[in-house]
Structures are given as structure tokens and as C-alpha cells.
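Q: Have a look at this fold, sequence not included:
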DNA sequence: CTCAAGGTTTTGAGCGGTCAACAATTCTTT
DNA sequence: AAAGAATTGTTGACCGCTCAAAACCTTGAG
């Protein structure tokens, strides 16, 4: 706080890159008291009677010397690090950033910190990082869009994880419902020739989402032509992802009046590509996205999409994890959240 | 690895949320050896002669018992946590995600982990989190778009920080150059009536970028009309940011043929708004963005923008920080990176 | 047979905290 | 005034790991 102590605090460390702040012992010595006493006071341990005068004296000194307890030491002793690990496939853009936002808010509110690591869908890295998280004392793990293989010795919540793994709570979207929203919308607009993007095989949601679409299409009597189904394979989180898809679709020569994109990002790329073929959206082709990312409301045309409550998914995952860390027993049941259809401008009546 | 040990490893913990894995001591006991010996072997401490037989025995047992050293304990002892803290204004979307990507890659490669915390530009939180980072043993801090106030007792690298603070290395863009690229481009296309967005006051780059524009405009003889300068104030990282700006500009009734947006995100919102006024881009108004985010190449029209090497900025910041942590002395000098002009479709000749 | 040299393993302190148990002092109480 | 209770503070072990120094074993040379 005060300018005066900015110079102290910086000691010449024995090794570079190592900062030693004043320790409890030093603080206690400076006060002529015992470390334990100081510890008790600074932690407001209940049921210990220490005169107010001493308490004040200790707190004043702690403040003056700018004492910062070592969470490291405390964690070691208390076996409680207030830290969790977050696994994501990728940093940078992507739907996970919104989820992270929900997670971060909740965690920080609860006094927890978190490590993040990205694994680019490599199983080896996923394993390594979980181990390292635990080695660093993570008390729980949130895995976003991550294929976990083995049980993990701390509570785990998987966002968009689908496999049942002992000890892992899955938080996932109701993909069946999402498929209904998508196809009912298109069907009611008269679309019968619909092209589809399937997600990359490494993306956790791909399969479930596809299964949902297939089931609902069947129910509605929509025929899915295999040539009009394109599977994404590139590991990208930019609109580039959806661009070549359209080229592939055009190459088939088959007519289609609507395109179900895997997500908003790829929808943006697809729209860009369709426009490069001089097709109008939604005049010639309707495009529907998925996720409802922030940008979806501001594209040209504004994107019709299936909204996932991403931040909320993050909160739910976090709450669930914290509850388990604090003793709630693990329940096998998945937690499902509901999608919503957001109709904007990129879908319209099918061209005759 | 093996299925067999998945059940062990999980002990009934004394407290919920606390996982005890096998400790060095236990491992040593199991081997009939001393913890120190085991430690030496597992860390491959050079200059100690231990027979190969023992080494193998130890490594085998470590593997079999799935021994994971406690980084916590090790850090405490070694005074080296291999951890840094990253401060960002916001999780979720934003240009910082790209910077983070550059940071994350480098850090993980170097064996470091990182905490992230977001402060929403609140000075109190910025202070608190830096303190907590240090309490948790962070050996350095990277602050992205964050107004630091006080010196910090560990090495700090600020991305897009502009104030000179003792001990803080600033990594920043050459904003003068960026302004030149922007205005020369527009000027050469014949634009004379140009509208500007100024960044929010809490955004670190706002001032520098504005100063650059003012200086270059003067040099080129471009008159900046104060009514055509709109200052952003909302704390958003979505295109919504740039939408109301256009409404404000239109309300002035003054003509303008070009708009210099604060960044790509706000440019997207602005374009959306201009289209809602039935203006064509770039026919009626040219729009130039800033950052060159991934989506900029896929908007309609594709965005002309000033490219910042975001991931590279992240790497540079990280390298600089690691060097300082490993003993490089702090140099006062800022590190400057150069912007580039990327011409796409959102700018064109000025309408007569 | 003794001793130095070398290889191999153990000892013990300490990193910075916390906690249960204990000691020293003052305040009641009968 | 002596015993008991309450107040205030201290002691020492421990969390899991590392490191310097010490101790224990073999050898081989003198």
C-alpha cells in the first residue's frame, strides 16, 4: 500500500527467480511471539482466547511487514490446496472460452484458483496433465471437450463428456432435444434437402449430436443423403473450419436448401463460402448454427442457431465439482441442460 | 497404465475432497530403503553413485505403486514452483485468448504451469490477485491489458501495458506505425471524412492508439472532427460493442466515408449497424478493424484490418518472463512488435 | 592386519505453515 | 489462603520432499 515498503519485501534471493517474502517465523520473531500464536490470530481460529490487544498488535505487524502466508506450506499441512485443474483441448477461441468464463467466476468466488492446460486432443497429454494437476495438488478436475480414458483419483466433472467413467460426472446438452429444435425448424420452413456437417471425431459432442439428428430426421421423414453429409476433420476453431465443407457439397452437384452446421464458427465459414458461390442466405440456402456464441447475433445475416447456455454449463460444472470436493457423494447420473432455438436471419423458407 | 492399479491409488481419505497418493516415505518403506535414496534416484541427481540394480528396483516400484511426487512439497523445499500467474481483464472471448494461446504453448513447453485470474479492470482485484498469485508461489506474472499500479516483488511482463513501472517489462505494439498503416491506407483511397472509435478508458491500448492516430492524421492533413469521434465505454468483448457507435455517428448527421474501429470485434458490430442503415460496405463506408482476429477473414465483407501478431506477443512475453525468472536482469526497455496492414474487402475508394 | 579410498545408504535438518497438547500466569471461588 | 478455572502463550511434531553431511560397507594396497 504505502510507497515506503516497496523497497523492503524485495530481498536478495539466494537463487534467481525466487522471491522470499517475510515468513510467519520472522513475523513472530519481530513481535516477540511464537509462530503458533500468530498463526492462530491471523486465521481467526475459533475457540482460542487471545486478548484483543495482542490480536491488534499481530494484525498491525502483519500488515506493516506485508506478510503473505505461503499457500504452499499451508496446503501441504492442511492437505487442501483450494486449487483445481481445467483441461481444454485448445486455448484461443472456441466455445470453451465461454464455459471457462462461467467456471472462473464460480471458482474465484469460492476462493479457488485453477490451472489450465491444453492437450490438443492428444491422449498422452491428457494423461500427463491430469497427473501433473494432481501432483500439484489439484483437488478436482474439470475436463472440457476432453476424452478421458481412465478413472482419476480426484473428483472430475466433464463438460460435454459422454462416456460413463467411474467418478466422472458428465454435464451435457440434451442433444436429442437440440436435434428436434433444429430439424423441426427447418422442416416447418419446407426444407427437405438438407446438408449436414458432422463434427470431428475427436470432438466429444460429435457423435451424440449426430445420433440425435439421425433419429429425429427419421421421425420427420427427412432423408439424409450420405453425399450431403460432410465430416469435419481439421482441428481448427476458426470459421476456416466450415469453408471447405461447402466446396465439397457443391462438388456433389446435389441440390440442398439448408445446411446444418456443426457450430456457429463453422457456420460462419460456410456462409462465407456460400456467398463466394454467389448463393444468398437464406434465399438460396438456409444455414443453422450451434452454440449461439456472442458473435452470432452480429453476422451478416444474423445467425439462426441452437443456443447452449455455455456460461451456465460452466457454473453448473463448477458447483457440482465443488460439492463433490466438499463431500457430496458421487452420483452416476449425468446432468443435462436444455438447448434453445434462436431464430435470426440465416434461415428462411425453402426455395422451390 | 494397467487396469489393475486403478482401484488402489484411491484411498479412503481422512477428509472429503482430499486425495492422498502414495508418498515418498511409503515408497521407500516398501522398498526397504531410505526416502533420500529414492529421491536421488527418481530425480536422477548427478554425481551420486547408486548401483544400477537399486536404481531399477526403485523405478520399478515407483511405477508399480504409481508414485506421484508432491510438487507442493517439492516446491516448498526447492523454493521453485514452476508456476506463474496470468492476469486478464476477462475470460471468455477477446483478443487476449489468442495471446494466452501463445503464452500457454511456451509455458507448458518449459514445464511451467499457470494460474489465471480475471479482474474486470477492478484495481482492488488486480492487487488481490497478484498477492494471491505470489502467496501461491507464482514465480512471475504476465499481465494482459491490465493497469498495474504498484511494483511487484516477482518478475512481471505486461502485454499492452504502457506505464513504466519498476520491474515490469512492457511488450507492446508500435502504435505509431499502426496509425500510419491505417491512415495512409484510407488516405490513399481518397478518404477525407473519417470517423473514429476510441477505446474504453480502461483498455490499456486506447490512449497510445489514439495518440498515434492524431499524430498521423495531422501529418497527412486529415482533419479529425470531434463529433465523428466516438469513445467506447461498455465493458464488452462482443460485436455489440461497436453497434451503438454507428447510431451515434448517424445521429450527428455529418458525412463520413470511412470508420476506424477500435478492434475487429467492434468493427463487426459497426458493420452490422451500418447495414441496418442500408449502407453498403465498402461502397458507402469503408471500415477498418484492428487485431486481425481469426474471424476477420470470414466476415461479410472480409475485414481489412491491422494485424497484431497476438500469439507471438504471447510467446515473446513468456520468453522474456522465463528469462528473467532464470536470472536475466531486468531491462527498462519496452519490447515493441510491429503491426501489419491486411487489406481485404471492407475498405475501398471513398465515395464522391 | 590396518588403513585409506571408494561406493552405497542413512541421518537429520529444514522449507513455512498448523494443530493438539502442554506450561505459565492471572483470576475466581469457597 | 489454597485449590480450581480461565486466560495467554509455548512446544514439538508433522505435511512430503531435498540436500549436505555423516555412517556404513566393501575393497585393495601397504
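A: Cool, got the structure. In this text the structure is predicted, and so the values were computed from the model without any measurement.

Q: Could you check how far the residue of the stretch 251-352 of chain A found nearest DNA strand D is from residue B:307?
A: Going by Cβ to the nearest atom of the strand, DNA strand D is nearest to residue A:325 of the stretch 251-352 of chain A, at 17.5 Å. Placement of C-beta: from N, CA and C, glycine included. Residue A:325 sits 43 Å away from residue B:307, going by Cβ to Cβ, to the nearest Å.

Q: Check residue A:86 too.
A: Noted for residue A:86: a distance of 30 Å to residue B:307, by Cβ to Cβ.

Q: Looking at those two, which is more packed in?
A: Neighbour totals were compared for residue A:86 and residue B:307, and residue A:86 leads with 29 against 19 (other Cβ atoms under 10 Å in any protein chain shown).

Q: so what does the one helix or strand the more buried one maps to touch, helix or strand wise?
A: Counting by DSSP states H and E, the element that carries residue A:86 is strand A:83-88. If contacts are counted by 3 or more Cβ pairs under 8 Å, 6 or more residues apart in numbering or on different chains; DSSP states H and E, strand A:83-88 sits against helix A:95-109, strand A:113-118, helix A:123-135, strand A:141-144.

Q: Of these, which is nearest residue A:57?
A: Nearest of the helices and strands packed on strand A:83-88 to residue A:57, taken as Cβ to Cβ: strand A:113-118 at 30.9 Å.

Q: contact partners of the closest one?
A: Strand A:113-118 is contacted by residues A:82-91, A:100, A:103-104, A:107, A:125, A:129, A:132-133, A:136, A:138, B:104, B:108, B:113-117, B:132, B:136 when judged by Cβ atoms under 8 Å, 6 or more residues apart in numbering or on different chains.

Q: and if we set it to 7 Å?
A: A:82-91, A:107, A:129, A:133, A:136, A:138, B:104, B:108, B:113-116, B:136 (Cβ atoms under 7 Å, 6 or more residues apart in numbering or on different chains).

Q: Could you do stretch A:287-296 as well?
A: Contact with stretch A:287-296 is made by A:95, A:98, A:182, A:186, A:259-264, A:267, A:270-271, A:281, A:303-308, A:310, A:342, A:346-347, B:93, B:238-239, B:268, B:295, as judged by Cβ under 7 Å, 6+ apart.

Q: and chain A, which residues reach DNA strand C?
A: Neighbours of DNA strand C within chain A, by Cβ under 7 Å from any atom of the strand: A:20-21, A:23-25, A:35-36, A:39-40, A:42-43, A:45, A:67-70, A:72-74, A:76-78.

Q: Need the buried ones from those selected in ChimeraX.
A: Filtering the residues of chain A next to DNA strand C down to the buried ones (16 or more other Cβ atoms under 10 Å in any protein chain shown) takes a single ChimeraX command:
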select /A:20,21,24,39,40,42,67,68,69,70,72,73,74,76
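
Q: The residues of chain A next to DNA strand C: which ones sit near DNA strand D?
A: Near DNA strand D, judged by Cβ under 7 Å from any atom of the strand, the entries from these are A:35, A:36, A:40, A:73, A:76, A:77.

Q: quick check, nearest of those to residue A:161?
A: Residue A:161 lies nearest to residue A:76 out of those, by Cβ to Cβ, at 31.3 Å.

Q: give me the element that closest one is part of.
A: Applying DSSP H and E, one finds residue A:76 within helix A:71-78.

Q: returning to what we had before: I'd say the residue of the stretch 251-352 of chain A closest to DNA strand D and residue A:140 touch.
A: Yes - taking contacts as Cβ atoms under 7 Å, residue A:325 lies within contact range of residue A:140: 5.0 Å.

Q: Which residues are in contact with each of these two?
A: In contact with both residue A:325 and residue A:140: residue A:155, using Cβ under 7 Å, 6+ apart.

Q: Would you mind telling me which of those two has more residues around it?
A: Just comparing residue A:325 and residue A:140: by other Cβ under 10 Å the higher neighbour count belongs to residue A:140, 26 against 21.

Q: From DNA strand D, how far off is that one?
A: Per Cβ to the nearest atom of the strand, to the nearest Å, residue A:140 is found 18 Å from DNA strand D.

Q: And that residue, its phi and psi?
A: Here is the backbone geometry of residue A:140 (degrees, to the nearest 10): phi -170, psi 170.

Q: what's the pLDDT at it?
A: What the model reports for residue A:140 is a pLDDT of 96.

Q: Let me see the contact set for it.
A: A:84, A:154, A:155, A:156, A:321, A:324, A:325.

Q: The fifth one: neighbour count?
A: Burial measure for residue A:321: 28 neighbouring residues, criterion other Cβ under 10 Å.

Q: Checking my notes, it in a helix, right?
A: Yes - if the criterion is DSSP: H, G, I helix; E, B strand; the rest coil, then residue A:321 is within a helix.

Q: so who does it touch?
A: Per Cβ under 7 Å, 6+ apart, neighbours of residue A:321: A:84, A:140, A:142, A:155, A:157.

Q: contacting residues for the last one?
A: Listed by Cβ under 7 Å, 6+ apart, the contact set of residue A:157 reads A:142, A:169, A:171, A:317, A:320, A:321.

Q: and of the residues you listed, the nearest to residue B:330?
A: Checking those one by one against residue B:330 (Cβ to Cβ), the nearest turns out to be residue A:142, at 36.1 Å.

Q: Can you report how many residues lie near the closest one?
A: 29.

Q: Need the phi and psi values for the nearest residue to residue A:228 once chain neighbours are set aside.
A: Nearest residue to residue A:228, sequence neighbours excluded (Cβ to Cβ, 6 or more residues apart in numbering or on different chains): residue A:195, at 4.2 Å. Backbone geometry at residue A:195, expressed as degrees, to the nearest 10, gives phi -100, psi 150.

Q: Let's see the pLDDT reported for the nearest residue to residue A:343 once chain neighbours are set aside.
A: Distances taken as Cβ to Cβ, 6+ apart place residue A:304 nearest to residue A:343, at 5.2 Å, with adjacent residues excluded. pLDDT for residue A:304: 98.

Q: thinking again about what came up before, and the helices and strands packed on strand A:83-88 as TSV, adding distance to residue B:222?
A: Below are the helices and strands packed on strand A:83-88 laid out as TSV (distance: least, Cβ to Cβ, whole Å):
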stretch	distance to residue B:222
helix A:95-109	37
strand A:113-118	44
helix A:123-135	51
strand A:141-144	47
